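# this one's structure only:
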């Protein structure tokens, strides 16, 4: 494949129309063709990630993105590290967007171009052909290798062989050009959050084949909604010493700092299960009898993405009172629930993003949530001065808004002063009414 170099430049019509990929403070927009908008990395996510990369002791050299796409993540790395970047993109139209986006980031809110911008380039070509790339830009040392390979967008699962370019081909092509520190080269792999544990192990094996013993930090990123948006593997000098896994919750506003939960346990390693509580008999395994929460205990619905990352338990170790234990009522689905004796000790301005709701049980009743039964919920809410009360239970999508509206309407002007919520026990018809 013939390679061609594009310098960062003011974007014209060929670079695509300007579009906002995020609620960007100050109005920074990017050149994106319509088909590229759903695939573009949100600027807040890209910049948060790049800022943490810049804090590490990285090898010297330029930042290479061997499949740069629209160039937003690469431009964020360049801005945060103040280093020149080299992007490679097979699609010439997309490469023009990447070059234009480099220029927009490097000139935004500045009277002149950033110094790192002047020596940055985008190559139209093959990200696995290092010789071809070096032939058109000259020999350069790579300080960081960023890679976000394309994968099927309309499939819930996919194999590593469906990635483009292939990880092992990129590794072998660029290994000799990567600068190395005592902790090895610096690589950041942006992968699909749909990868299974076995596929993650395959990725680790590919990295180990090229760089035996290379340090690894897995990272799950979420922007909310209980969904893992990004899964990435930070290798070598890009990994964090002593941190095997990490969960990053991006806040809704760019002025807020991201919430980061770390764990030193290796991905997939079995942790001691803290599911037993000193006030109850240990929570049994599936299939055996289970003691239910009691009035006066607390119930907390955790961020489903935090639970999916496997890092809920290390985070709970930091926010539960000393030696406090908890029990899982529900681990799966959109509303993972724990019960515990005392209130969580969390920062309401930050860590509250890791909790959907938390409150003390004030009543337990056995009934279904239906329109006909709403008055019974209202009676309990009025007696305990609750308003508003949110239904946090899996209901038929056609019924849920009607029940919620009726509950809100009937509690209006009833003197409620504390918010509350209703949860259902997944194994029975019991409902838990909680005061937040």
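Noted; the coordinates are in hand. What you see is a predicted model; the values in this text were computed from it and never measured.
# burial count for residue 132?
Neighbour count of residue 132, defined by other C-beta atoms under 10 Å: 16. In short, each C-beta sits where N, CA and C put it, glycine included.
# from now on call the first residue 14
With the count now opening at 14, the last piece we talked about shows up as residue 145.
# and whichever helix or strand it is part of, which residues are buried?
Secondary-structure assignment from DSSP states H and E places residue 145 in helix 143-150. If you call a residue buried by 16 or more other C-beta atoms under 10 Å, then helix 143-150 has these buried ones: 143, 145-147.
# And for residue 425, nearest residue in space, chain neighbours not counted?
Computed as C-beta to C-beta, 6 or more residues apart in numbering, the closest residue to residue 425 that is not its neighbour in sequence is residue 400, at 7.7 Å.
# hang on, the one you found packs against residue 426?
No - if you go by C-beta atoms under 8 Å, residue 400 and residue 426 don't touch, sitting 9.1 Å apart.
# Counting neighbours around each, name which of these two comes out higher.
Under the criterion of other C-beta under 10 Å, the comparison of residue 400 against residue 426 puts residue 400 first, with 20 against 7.
# Run through who's touching the host helix or strand of the more buried one.
Residue 400 belongs to strand 399-404 when elements are defined using DSSP H and E. Counting contacts by C-beta atoms under 8 Å, 6 or more residues apart in numbering, the residues outside strand 399-404 that touch it are 370, 375, 382, 390, 393-394, 413, 416-417, 420-421, 424-425, 427-435, 446, 448.
# helix or strand right after the helix holding residue 145?
By DSSP H and E, the next helix or strand past helix 143-150 is strand 155-160.
# Now do that following strand, average pLDDT.
The predicted model gives strand 155-160 an average pLDDT of 98.
# what packs against it?
In terms of contacts (3 or more C-beta pairs under 8 Å, 6 or more residues apart in numbering; DSSP states H and E), strand 155-160 is packed against strand 75-78, helix 85-94, helix 180-187, strand 199-204.
# would you turn the ones you listed into JSON lines with mean neighbour count and mean pLDDT?
Putting those into JSON lines (neighbours: other C-beta atoms under 10 Å; pLDDT from 0 to 100) gives the following:
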{"stretch": "strand 75-78", "mean neighbour count": "26", "mean pLDDT": "98"}
{"stretch": "helix 85-94", "mean neighbour count": "26", "mean pLDDT": "97"}
{"stretch": "helix 180-187", "mean neighbour count": "20", "mean pLDDT": "98"}
{"stretch": "strand 199-204", "mean neighbour count": "24", "mean pLDDT": "97"}
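# Throw these into a markdown table and include distance to residue 68, thanks.
Listed next are the helices and strands packed on strand 155-160 as a markdown table, based on distance: least, C-beta to C-beta, whole Å:
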| stretch | distance to residue 68 |
| --- | --- |
| strand 75-78 | 15 |
| helix 85-94 | 9 |
| helix 180-187 | 24 |
| strand 199-204 | 12 |
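# Any of the contacts of strand 399-404 buried? List them.
Neighbour counting with 16+ other C-beta under 10 Å marks 370, 375, 382, 390, 393-394, 416-417, 420, 424, 429, 433-435, 446, 448 as buried within the contacts of strand 399-404.
# Now, those residues that are in helices?
When helices are assigned by DSSP state H, the members of the buried ones among the contacts of strand 399-404 inside them are 390, 393-394, 416-417, 420, 424.
# Could you report the pLDDT at residue 312?
Looking at residue 312, its pLDDT reads 97.
# ok, it - how many residues close by?
21.
# Can you pull out the residues in contact with the helix or strand hosting it?
Secondary structure here is read from DSSP H and E; on that basis residue 312 sits in strand 311-315. Contact with strand 311-315 is made by 306, 325, 342, 348-357, 367-374, 405, 436, 445, 447, as judged by C-beta under 8 Å, 6+ apart.
# one step back: closest one to residue 441 out of the buried residues of helix 143-150, please.
Sorting the buried residues of helix 143-150 by how near they are to residue 441, with C-beta to C-beta, puts residue 143 at the top with 61.1 Å.
# so who does the closest one touch?
186-187, 189-190.
# is it true that residue 241 touches residue 206?
Yes - in this structure residue 241 lies within contact range of residue 206 using C-beta under 8 Å: 4.2 Å.
# any common contacting residues for the two?
In terms of C-beta under 8 Å, 6+ apart, residue 241 and residue 206 are both contacted by the residues residue 233.
# okay, and the helix or strand of the chain with the least pLDDT?
None of the helices or strands of the chain scores lower by mean pLDDT, DSSP states H and E than strand 31-32, at a mean of 88.
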